[in-house]
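# A predicted structure for the sequence below; I have some questions about it.
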Amino acid sequence: MARRIRFVLWLLLPLAGVALATRPAEAIPAFAAQTGQACTDCHVGGFGPELTPLGRAFKIGGYTQRGGEGWASYVPLSLMIQTSFTNTASDQNPPPQHYAPNNNFSLDQISGFIGGGIGEHTGGLMQFTWTDVDNTAHVDNMDLRPYTTTFNLGGKELRIGTTLNNAPTVQDPYNSTFVWGFPFIASAIAPTPVGNPILAGGFTGNAIGYTIYAWWNNALYLEGGAYSTFSPWLLARFGNDYGIGSTTSPAPYLRAAYEWQWGESAAWIGTIFMHADVDPPTGIPYQTTGALGTDHYTDYAFDAGYQLLNHGPHSVTVQGIFTHENQNLKGTAGLTGVASTGANLNQFRANVSYWYKNTYGFTVGWQKTWGPANAALYAVAGVPSANDKPDNNAVIIEADWVPFGKDSSLWAPFMNLKLGVQYTAYTQFNGGTSNYDGLGTRANDNNTLLLFAWLIF
Amino acid sequence: MSRRIIHTIVLGAACGSLAVLLPGPVAHAADVSAGKSAFRNACGICHSAEPGVNKIGPTLFGIMGRQTGSVPGYSYSAANRNAHITWTPQTMDKYLQGPRAMIPGTKMTYMGVRDPEKRANIIAYLATLK
């Protein structure tokens, strides 16, 4: 633990030093400086992570665009701070570790980013995060692009590239997918439901993904590759643990999407496939076992989105993703002494946002998960679901204010700020509406009010 | 802390911790090949240099000597379409200093190239695209 923290702090130190010494400066001001673009050019609402068509081109282009000038355009560093206040409808029992049962202020995240391009063919983004909530540091989002280049195919541009990343969809250009999907910020203290497909977090931060992609005519995006979990040694260094287990063979990942752009609008549809064979975790940190069998997961996701981004005052975005997961949980069933091994899970996520002048934003999101009773995953210790079902249903409403991030903003492009209020209302949580845990807790006891300040230099 | 010192600290820290990531100092003579590389870095994300390939912006193949807003098949903003400027080295130089100052309302969001030598290189390269 101490070693892990020291290792990450050592990585963070130069970042913190530089960022603090310079200037108060999103994702990420280092990109704004490198590209000579304002935050609003690449991000909806002028604040990451939701990308505009230009933001997607920059990411798919391997973060290599370099139109900025001066020394700052060569400093590939940014610093991000998230602090918040969390209130839940009922006091939490037991209270979150180190916190009161309710009404908590927290320093959720301090992140250092290294991001940018080296020459025309190579670039990347790497985020290191320290959180005061459990006082841990870890390697957060990583999306490296070792090599990318362009060709002419059929009179149109074809871009080919490679990625090395640490979570399925962290490399994806569309915010309808998981890692960079809505909500972009969530309380680190409030309870959240457990049922999620593996695409939504099973390998986040604990695996290395290696993929190749092709982007043709700024429209057709194809990507293929695989994920393999890190060794325990590396996990300890990276400050992350196994999610659903350790892969017994590389887990294939396939992505296809097609985008149309017309007038001030962009729309896309896409699909993701992932299959993973894993030895489940034993409950001891960094340990998994296949002694009682292997778990198999197969995800099929379908996503779509629409953006109206006129350069006048109004922006509207709509995005959604549906995921179906088939599970064969022989290993976990064996470890937990449960008879049934086959199950499935469905999840739908969608959100609609409106932005006025890239400054005032309002978003409504909806997330619904459902599937049959699954004792292997949802009856284990610490997961209070009385009927063993993953079902949950949540509506998330958020209002944001982003005062900076434009060309003309104070200290542009080095600083950006988002202040927001978010309310999450549950009508189902961990399988039920009332008494879902067998202890009398109602789904709406977890309704969460979050006030947050998100600052990035 | 004075700006100077701050800059020194920043550069020192950045070079120290990230020397590998940073390109060495570059001193280009004003020339087409420097212009080509500057074009690929700064403009390439939005513009192609090949005929008929429109991206976020129109192709810049054959741009010199042409009127604003004349690439077939590209959907320009009204501002760019109605600017009635002929692209010469002089107009291009002015445009690249501040696209939105010269054509208010353009949807080219790029802030511009302040370095005169870099502009000259890019313009020299654009002139070869025909």
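Received, thanks. Numbers count the residues shown, from 1 in each chain, chains lettered A, B, ... in the order given.
# so where's chain B uncertain?
Within chain B, the stretches with pLDDT under 70 are B:1-30.
# Hmm, I typed the wrong one, I wanted the stretch 101-250 of chain A.
The model of the stretch 101-250 of chain A has no residue with pLDDT under 70.
# How about the stretch 301-450 of chain A?
In the predicted model of the stretch 301-450 of chain A, residues A:311-312, A:380-383, A:408-413 satisfy pLDDT under 70.
# repeat that with 80
Filtered on pLDDT under 80, the stretch 301-450 of chain A yields the residue ranges A:310-312, A:339-341, A:379-384, A:405-414.
# in it, which spans are helices?
Taking DSSP state H, counting those that start in this stretch as the criterion, the stretch 301-450 of chain A contains helices spanning A:330-336, A:375-378.
# Quickly compare those helices and say which is most buried.
Among these, helix A:375-378 has the highest mean neighbour count (mean count of other Cβ atoms under 10 Å in any protein chain shown), at a mean of 24. Heads up, the C-betas are built off the backbone N, CA and C, glycines and all.
# Other residues contacting that one?
Contacts made with helix A:375-378 from outside it, assessed by Cβ atoms under 8 Å, 6 or more residues apart in numbering or on different chains, are listed as A:194-195, A:327, A:329, A:332-333, A:336, A:338-341, A:343, A:383, A:385, A:388-390, A:430-431.
# and if we set it to 10 Å?
Taking contacts as Cβ atoms under 10 Å, 6 or more residues apart in numbering or on different chains, the residues outside helix A:375-378 that touch it are A:193-195, A:244, A:280, A:295, A:327-343, A:345, A:371, A:383-391, A:430-431.
# could you dump it to PDB, C-alpha only?
Output of helix A:375-378 as PDB, limited to C-alpha atoms (Å, rounded to 0.1, in the frame of the first residue of the first chain):
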ATOM      1  CA  ALA A 375     -27.200 -15.700  -6.900                       C
ATOM      2  CA  ALA A 376     -23.600 -16.100  -8.000                       C
ATOM      3  CA  LEU A 377     -23.100 -12.400  -8.500                       C
ATOM      4  CA  TYR A 378     -25.700 -10.600  -6.500                       C
END
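# for it, the distance to its chain's centre please.
Between the centre of helix A:375-378 and the centre of its chain there are 25 Å (Cα atoms, centre = their mean, to the nearest Å).
# Now name the helix or strand holding residue B:117.
Assigned by DSSP states H and E, residue B:117 falls within helix B:116-126.
# quick revisit: of the contacts of helix A:375-378, which qualify as buried by neighbour count?
Among the contacts of helix A:375-378, those buried by neighbour count (16 or more other Cβ atoms under 10 Å in any protein chain shown) are A:193-195, A:244, A:280, A:295, A:327-336, A:338, A:341, A:343, A:345, A:371, A:383-386, A:388-391, A:430-431.
# Which members of these occur in strands, if any?
Cross-referencing the buried ones among the contacts of helix A:375-378 against strands under DSSP state E gives A:295, A:327-329, A:343, A:345.
# Can I get those in JSON lines including distance to chain B?
Shown next, in JSON lines, are those (distance: Cβ to the nearest Cβ, whole Å):
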{"residue": "A:295", "distance to chain B": "40"}
{"residue": "A:327", "distance to chain B": "41"}
{"residue": "A:328", "distance to chain B": "44"}
{"residue": "A:329", "distance to chain B": "43"}
{"residue": "A:343", "distance to chain B": "45"}
{"residue": "A:345", "distance to chain B": "38"}
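# Residue A:107: which of those residues is nearest?
Of all these, the one with the least separation from residue A:107 (Cβ to Cβ) is residue A:345, at 33.5 Å.
# so who does the closest one touch?
So, once contact is read as Cβ under 10 Å, 6+ apart, residue A:345 ends up touching A:195-198, A:297, A:299, A:323-327, A:369-372, A:374, A:377-378, A:389-391.
# neighbours around residue B:116, how many?
Counted with other Cβ atoms under 10 Å in any protein chain shown, residues neighbouring residue B:116 total 12.
# Wait, it touches residue B:94, no?
No. Distance between residue B:116 and residue B:94: 11.5 Å, which falls outside the contact criterion (Cβ atoms under 10 Å).
# How about residue A:156: what's its closest non-neighbour residue?
In space, not counting the residues next to it along the chain, residue A:156 is nearest to residue A:217; the distance is 3.9 Å by Cβ to Cβ, 6 or more residues apart in numbering or on different chains.
# Could you tell me which residues make contact with residue B:32?
The contact partners of residue B:32, taken as Cβ under 10 Å, 6+ apart, are B:39, B:121-128.
# among those, which ones are buried?
Applying 16+ other Cβ under 10 Å to the contacts of residue B:32, the neighbour count classes B:39, B:121-127 as buried.
# out of everything not next to it in sequence, what's closest to residue A:270?
residue A:257 (3.2 Å).
# these two touch, right, that neighbour and residue A:266?
No. Using Cβ under 10 Å, residue A:257 is not in contact with residue A:266; the gap is 11.7 Å.
# beta partners of residue A:347?
In this structure, residue A:347 bridges to residue A:323, residue A:369 when assessed by DSSP bridges.
# ok, now how distant is it from residue A:387?
To residue A:387, residue A:347 is 18 Å away according to Cβ to Cβ, to the nearest Å.
# now do residue A:159
Here the distance between residue A:159 and residue A:387 works out to 48 Å (Cβ to Cβ).
# do residue A:364 as well
Residue A:364 sits 29 Å away from residue A:387, going by Cβ to Cβ.
# quick revisit: wait, which of the helices of the stretch 301-450 of chain A is closest to residue A:167?
Smallest distance to residue A:167 across the helices of the stretch 301-450 of chain A (Cβ to Cβ): 20.1 Å, for helix A:375-378.
# I'm done for today, thanks for sticking with me.
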